[in-house]
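Asker: structural data only, the sequence is not supplied:
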């Protein structure tokens, strides 16, 4: 590895994945540290312990990112406004071109990931390279998202599939809807394995 690359990785791990990830900082201080590194972070809701591979990350206003999430960010990762990202979610943009029989993993490359506004990504979800999750989606805990998620759907399983349509109106548009939604949230079964069995067409 070139000396300048080693220095860049050392700086990243000391500044971003060391100092900025330290749990003593208030969220807004952490946001400022990330922005000094070149990341476009518009929220103070990034929890301690997250790993960032590069500055190629954009996170919108009022989005919260729970503990120990992994952003490899070889390609760009964009997360919209008002999202909730569960703990230990992995955003994996890095992949390889297919190599020959001697070495199947060819040259590495980064393929962008996009998460639209208002999404809820459950704990330990894995989002694979090139995926777009459109606005208003819920992805159940433990799912592996390998292809595009259309807007306003509940996705679950390995690989993640659409198992339910979600309302498209804002709670503020319907009188009393917020209280009704809190009383009647029905995302069970939340277990992605159970969800996958429900939609298994075999």
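Answerer: Structure's in. What do you need? If you're wondering where the values come from, they're calculated on a predicted model, not measured in any experiment.

Asker: at the geometric centre of the protein, which residue do we find?
Answerer: Per C-alpha atoms, centre = their mean, the C-alpha nearest to the average position across the chain is that of residue 91, at 5.2 Å.

Asker: for the nearest residue to residue 75 once chain neighbours are set aside, what are its contacts?
Answerer: In this structure, residue 75 finds its nearest non-sequential neighbour in residue 110, 2.9 Å apart by C-beta to C-beta, 6 or more residues apart in numbering. All C-beta spots, glycine's among them, are computed from the backbone N, C-alpha and C. Residue 110 is in contact with 56, 73-76, 93-95, 129, counting by C-beta atoms under 8 Å, 6 or more residues apart in numbering.

Asker: out of those residues, which is nearest to residue 27?
Answerer: Nearest to residue 27 among the contacts of residue 110: residue 73, at 19.8 Å, using C-beta to C-beta.

Asker: in the protein, which spans are helices?
Answerer: 3-14, 27-37, 177-183, 192-198 (DSSP state H).

Asker: got the angle for the second one vs helix 3-14?
Answerer: Inter-element angle recorded for helix 27-37 and helix 3-14: 170 degrees (by axes from the mean of the first three to the mean of the last three C-alpha atoms, to 10 degrees).

Asker: which helices and strands does helix 27-37 pack with?
Answerer: Helices and strands touching helix 27-37, by 3 or more C-beta pairs under 8 Å, 6 or more residues apart in numbering; DSSP states H and E, are strand 40-41.

Asker: what's the local residue count around residue 164?
Answerer: Residues lying near residue 164 (other C-beta atoms under 10 Å) number 16.

Asker: which residue, other than its chain neighbours, is closest to it?
Answerer: Per C-beta to C-beta, 6+ apart, closest to residue 164 is residue 154, 4.0 Å.

Asker: OK, contacts around that neighbour?
Answerer: By C-beta under 8 Å, 6+ apart, the contact set of residue 154 is 137-138, 140, 162-166, 187.

Asker: roughly how far does residue 6 sit from residue 13?
Answerer: 11 Å (C-beta to C-beta, to the nearest Å).

Asker: compare neighbour counts for these two and give me the winner.
Answerer: Neighbours per residue, other C-beta under 10 Å: of residue 6 and residue 13, the larger number sits with residue 13, 14 against 10.

Asker: next, the contact list for that one, please.
Answerer: Neighbour list for residue 13: empty [criterion: C-beta under 8 Å, 6+ apart].

Asker: could you check how far it is from residue 54?
Answerer: Taken as C-beta to C-beta, the span from residue 13 to residue 54 is 12 Å.
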